[in-house]
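1. Sequence plus predicted model, see below.
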Amino acid sequence: MKRFSEYVFSLFNHFLAGSAVSKSTLSTHYNSQLQPFEEKVKVGNEAYTVAFQSNNQAFAQEATFSSQAAAYDYMQQVVAENPNRAEELHVVPQFEVMS
């Protein structure tokens, strides 16, 4: 009897693999196809720096910000204090800054 039940269960699993139940959006099989990998890629927060256009070096130590808008605000303050800086500065992602 035990051999027969193993055979029935293997047949059941075989036929279940392609059935409508396994293709339902509620099934575990369907969801595992949408997320095939356990590991996820983690992305760090982007930082933005006010830098010189000529060499992409940071304008100042405090010229790095967590948002692009904050970096533009800082750059506008610097340009308001010294209008000659308007053509010298730009905002770039932190990974583009030259050390």
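-> Done, it's in.
2. Quickly note the distance from N45 to N56.
-> 20 Å (C-beta to C-beta, to the nearest Å). No exception for glycine: its C-beta is placed from N, CA and C like everyone else's.
3. my bad, E6
-> When E6 is compared with N56 (using C-beta to C-beta), they lie 67 Å apart.
4. Comparing the two, which residue is more hemmed in?
-> Between E6 and N56, N56 has the larger neighbour count (other C-beta atoms under 10 Å), namely 14 against 10.
5. Name the nearest residue to that one, sequence neighbours excluded.
-> Residue nearest to N56 in three dimensions, not counting chain neighbours: M98, with 4.6 Å by C-beta to C-beta, 6 or more residues apart in numbering.
6. correct me, but the one you found touches Q53?
-> No. Here M98 does not reach Q53: they are 11.8 Å apart, not a contact under C-beta atoms under 8 Å.
7. give me phi/psi at L89?
-> The phi and psi torsions at L89 (degrees, to the nearest 10) take the values phi -110, psi 150.
8. let me redo that: A51
-> According to degrees, to the nearest 10, A51 has phi -130, psi 160.
9. what's across from it in the sheet?
-> Beta-bridge pairing of A51 under DSSP bridges involves A58, H90.
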